[in-house]
Structures are given as structure tokens and as C-alpha cells.
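> kindly return the folded structure for what I paste below:
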Amino acid sequence: MSNPLTKRGAGHRWAALLLVLAITACGHSPDVTLNPQPAPIEYVPVQRPFTGATLAVDADTQGARWQREHRADWLQPITGQPQARWLNSFQDLAEVPDYVASARRQGAVPVLVAYFIPNRGCSGFQEGAPYSDYDRSPPRPDSYAAWISQLVHDLGRTRSVVILEPDAVPADCFDDDRAAAIRAAVGALVAARHYVYIDAGHPNWIRSGPMAERLILSGVSDAEGVSLNVSNRYDTPSVARFGEELSDLIGGRDYVVDTGRNGFTDATAEPAAVANDWCNRPDQALGRQAVGSADPDLYPHMAAGIWIKPPGESDGNKVVFPQQDCHGETAPPGLFSPRQAQQLIMNDQSQPASVRERVRAIVAPQRR
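So this is what the prediction gives:
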């Protein structure tokens with residue numbers, strides 16, 4: 001995922017987005033009629049789909065398949081928990097009907113990640129392997145809209161949570177065209193009665209004021225809220241503080257926090273040198289996953305802490321990111337790494353000591 005770029009600064013109030021145009025005193029004609037302020041933004045009511053909900057457990061994650069193939073029941077602390085289903089291509093959409101049908105059988109809410117925005121890596125479609133299969137030559141203008149339309153069709157009538165385009169709004173290449181594409185996607189999904197959370201990065205990327213402006217351009221007024229910390233390891237309190245600051249600027253929208261790898265908590269935001277160490281960092285542990293807020297009094301707009309990036313999947317390796325320290329990981333980005341899964345379970349202090357010691361004794365092969 002993208003590197004942190006800037007430290008979080010003080011939040012800008014929503015009023016900054018609705019400033020009245022200055023009127024020059026000199027030479028002002030009393031006959032001129034001025035519009036006193038822009039029209040206020042109308043926000044749809046927040047529906048809170050996580051309240052009292054059970055989240056779907058996906059039996060077809062990479063980790064679950066590896067567990068069955070290797071009879072690795074030690075992976076159950078990961079594979080037995082709800083995780084989001086990522087959609088990176090048209091081919092991935094073919095599996096959506098089976099996934100939502102499984103969620104219905106569980107009486108659970110499915111959580112999916114739409115991750116297919118054109119020029120996703122801001123590289124001008126030149127990222128290369130392993131991204132070339134879905135960041136190839138610039139797509140037709142209607143290709144993303146067609147992909148979203150197919151997603152809506154494949155979800156059918158199963159009301160789902162959709163995390164929309166991790167990194168796309170805070171990315172350097174965000175522009176009006178990208179905002180319009182995301183806004184249209186929000187509209188299509190919400191019209192089909194799904195719950196959309198637009199990704200808004202993390203506390204050390206873009207300050208809340210500029211982030212709010214981008215989100216408003218991207219249609220957050222029609223969405224349920226935003227997602228934060230996707231594929232990152234920032235502790236829940238620091239992310240939630242940023243989430244509350246951001247919520248105050250976007251009409252009281254809710255937010256969800258990716259807690260899949262943030263089990264090592266710290267009361268302060270990470271220094272830039274540590275935050276830039278994003279590729280398979282060793283100091284990671286499974287984080288707490290729960291619907292509702294970690295502290296309703298302090299974080300009233302936190303809808304849930306959920307595992308969005310499936311724990312155990314690699315951030316990358318030296319082949320893909322030769323300038324980045326990936327801590328000896330061999331698995332390409334997005335592929336399951338039993339080595340990382342073992343690390344996450346061992347470091348999770350909420351696991352019984354017997355479970356952690358058993359996992360510690362296992363020699364988990366690297367994914368090559």
C-alpha cells in the first residue's frame with residue numbers, strides 16, 4: 001500500500017469549505033445582488049449496518065485454502081475470523097454471487113473491497129508485474145463504470161458493505177476525473193441499497209481538511225462513511241482520533257478501521273521513519289475485531305474495527321520493490337505468506353499462551 005507522506009496536522013473545520021466570498025468595500029455598488037454563500041451539502045442519513053451485525057467468514061481466502069492444502073489447523077485464529085473479500089478484476093466479480101450466498105447462509109453481512117480504479121498505482125499504467133494484469137493500458141472511459149455496474153449486478157439483493165478503492169482518494173494522482181468516477185460508483189452502489197465506505201487513508205498521510213475536500217468531491221455525502229488504516233498498522237486510538245476529526249468535516253459520517261495488523265498499540269502516531277517501514281514490518285500482530293466503537297464516548301462515529309486486508313497476505317518483496325526493505329519476505333504483494341500469518345498469531349497477546357507457543361514451534365514455509 002502507499003507510503004505515509006505527511007504528518008497529521010490540526011483539522012480544518014467544515015466551515016472552511018463554506019466561506020462566504022469576500023466583498024470589496026471600495027467601489028461596491030448597492031444595486032449588485034450577491035449570493036451570500038454556497039448551497040449547503042445535503043447528506044443522506046447514516047444507516048449503521050454494523051450495529052448488532054454478524055460479519056461473514058470467508059471460507060475461500062488464500063489463507064483458508066493454504067490451511068486446507070497443508071492441514072494447518074494452527075491458522076484457525078486467522079482463517080476462522082471474518083475478513084473482507086477483495087475484488088481486483090472482472091474475473092474476481094464472477095465469484096461474488098457465491099460469496100454473498102455464503103454470507104446469507106451464515107445470516108451475516110458480507111464485506112467487500114472494490115479495488116479497480118483506473119491508474120490505481122498512480123504510475124501511468126506502467127507498474128508492471130504483478131500489477132500489470134489489472135493496471136494495463138489506459139482503459140476506455142466507461143470501463144470502470146462497467147465494472148461497478150457488473151459488481152452491482154453480481155451482489156444482487158444481498159445488502160453488502162463495500163470498502164471503495166483503498167488509496168484512491170488520498171493518492172498523489174487524485175483529480176477531478178477520479179473524483180467523478182468514485183462519485184458515480186458511490187451513486188450506483190447506494191442506489192442498489194449497499195453501504196459504501198470511501199477509503200480515506202490514515203492519520204499520517206493527508207490532513208483532515210484537504211482529505212475532507214477530496215471526499216466531498218468524491219460523493220461522501222451519499223456514502224455511509226469512510227474506511228481508515230487499510231493495509232496499515234496504526235493503532236486504533238490514533239486512527240479513531242483522526243476519524244472523529246474527519247467526521248466532523250463531512251457531515252458526521254461514520255468510519256471503519258482496518259485492525260487486521262495493528263495489534264501492537266502505541267498511544268502516539270508513528271514517527272515518519274517508522275511509518276515509512278510499511279513492507280511486511282516485523283512488529284505486527286492481529287488486532288481486535290468488533291462491531292461498534294472501541295470507546296463510544298471518545299469515538300462516537302467509529303462503526304467497527306474489521307479485518308479489511310486479509311491478515312497474512314504479503315505487502316511485497318525485493319523483486320517488486322527493490323528499493324524497499326521487505327524484511328526477507330519472498331511472497332509477491334497480495335499473496336498469502338504462512339510466515340507472516342505465523343508472526344501475526346505469535347504476536348497477538350489476546351491469543352492464549354498455549355496457542356501462541358504452539359504456533360511459535362511450527363516451521364512455516366515461505367511462499368515462493
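> spit out the contact partners of G243.
G243 makes contacts with V226, L228, Y255, V257, Y299, H301, M302, as judged by CB atoms under 8 Å, 6 or more residues apart in numbering. For every residue, glycine as well, the C-beta is placed using N, CA and C.
> can we see that at 6 Å?
Counting by CB atoms under 6 Å, 6 or more residues apart in numbering, G243 touches L228, Y255.
> Q323 - how many residues pack around it?
Residues lying near Q323 (other CB atoms under 10 Å) number 5.
> same deal with V111?
V111 has 27 neighbours, counted by other CB under 10 Å.
> now the strands: where do they sit in the stretch 151-300 of the chain?
161-164, 195-199, 225-228, 254-258, 290-291 (DSSP state E, counting those that start in this stretch).
> where are the low-confidence patches of the stretch 101-250 of the chain?
Where the stretch 101-250 of the chain drops to pLDDT under 70, the residues are 124-141.
> rerun at 50
Residue ranges of the stretch 101-250 of the chain with pLDDT under 50: 126-138.
> phi and psi next, for the spatially most central residue of the chain.
Geometric centre of the chain, nearest residue: V230, 3.8 Å, by CA atoms, centre = their mean. Main-chain dihedrals, V230, degrees, to the nearest 10: phi -60, psi 130.
> related to what we said a few turns ago, can I get the strands of the stretch 151-300 of the chain in a markdown table with distance to D177 and mean neighbour count?
Shown next, in a markdown table, are these (distance: least, CB to CB, whole Å; neighbours: other CB atoms under 10 Å):
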| stretch | distance to D177 | mean neighbour count |
| --- | --- | --- |
| strand 161-164 | 16 | 26 |
| strand 195-199 | 16 | 27 |
| strand 225-228 | 21 | 28 |
| strand 254-258 | 25 | 28 |
| strand 290-291 | 35 | 16 |
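> adding distance to A181, write those strands out as JSON lines.
Shown next, in JSON lines, are the strands of the stretch 151-300 of the chain (distance: least, CB to CB, whole Å):
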{"stretch": "strand 161-164", "distance to A181": "10"}
{"stretch": "strand 195-199", "distance to A181": "12"}
{"stretch": "strand 225-228", "distance to A181": "17"}
{"stretch": "strand 254-258", "distance to A181": "22"}
{"stretch": "strand 290-291", "distance to A181": "30"}
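> hmm, who's touching the helix or strand hosting S102?
If you go by DSSP states H and E, S102 is part of helix 96-106. Here helix 96-106 makes contact (CB under 6 Å, 6+ apart) with A56, R85, P110, D154, L155, T158.
> for these, which one is nearest Y197?
Nearest to Y197, judged by CB to CB, of those is P110 at 13.6 Å.
> mind checking how far the closest one is from R241?
According to CB to CB, to the nearest Å, P110 stands 29 Å off from R241.
> who has more neighbours out of these two?
Using other CB under 10 Å as the criterion, P110 and R241 rank with P110 on top: 25 against 16.
> OK, contacts around Q349?
Going by CB under 6 Å, 6+ apart, Q349 touches no other residue.
> now it: how far from V44?
40 Å.
> cool, G107 as well?
26 Å.
> and what of N119?
Distance from N119 to V44, by CB to CB: 29 Å.
> cool, and S350?
With distances taken as CB to CB, S350 is found 36 Å from V44.
> cool, and F116?
Going from F116 to V44 by CB to CB gives 24 Å.
> the two: who's more crowded?
The neighbour comparison of F116 against V44 (other CB under 10 Å) goes to F116, with 24 against 12.
> do I have it right that the more buried one meets W147?
Yes - counting by CB atoms under 6 Å, W147 is a contact partner of F116 at 5.4 Å.
> touching, R85 and V111? I think so.
No - here R85 does not reach V111: they are 7.1 Å apart, not a contact under CB under 6 Å.
> what touches both of these two?
Contact criterion CB under 6 Å, 6+ apart; residues shared by R85 and V111: none found.
> in three-state terms, label G305 for me.
Recorded secondary structure, G305: strand (DSSP: H, G, I helix; E, B strand; the rest coil).
> and it, how many neighbours does it have?
By the criterion of other CB under 10 Å, G305 has 25 neighbours.
> dig out what it forms beta bridges with.
With DSSP bridges applied, G305 shows beta-bridge pairing to V257, A290.
> surely it meets V257?
Yes - between G305 and V257 there is a contact at 4.9 Å, judged by CB under 6 Å.
> between these two, which contacts overlap?
T236.
> coming back round to it: out of the contacts of helix 96-106, which are buried?
Among the contacts of helix 96-106, those buried by neighbour count (16 or more other CB atoms under 10 Å) are A56, R85, P110, D154, L155, T158.
> can you tell me, leaving aside adjacent residues, what's nearest to the fourth one?
Pointing back at D154 there. Among residues not flanking D154 along the chain, V96 sits closest, at 3.9 Å (CB to CB, 6 or more residues apart in numbering).
> the one you found and W147, how far apart?
For V96, the distance to W147 - CB to CB - is 12 Å.
> same thing with Q340?
29 Å.
> count of residues packed around N88?
17.
> so it sits against Y115, correct?
Yes - N88 lies in contact with Y115 (CB under 6 Å); the separation is 5.2 Å.
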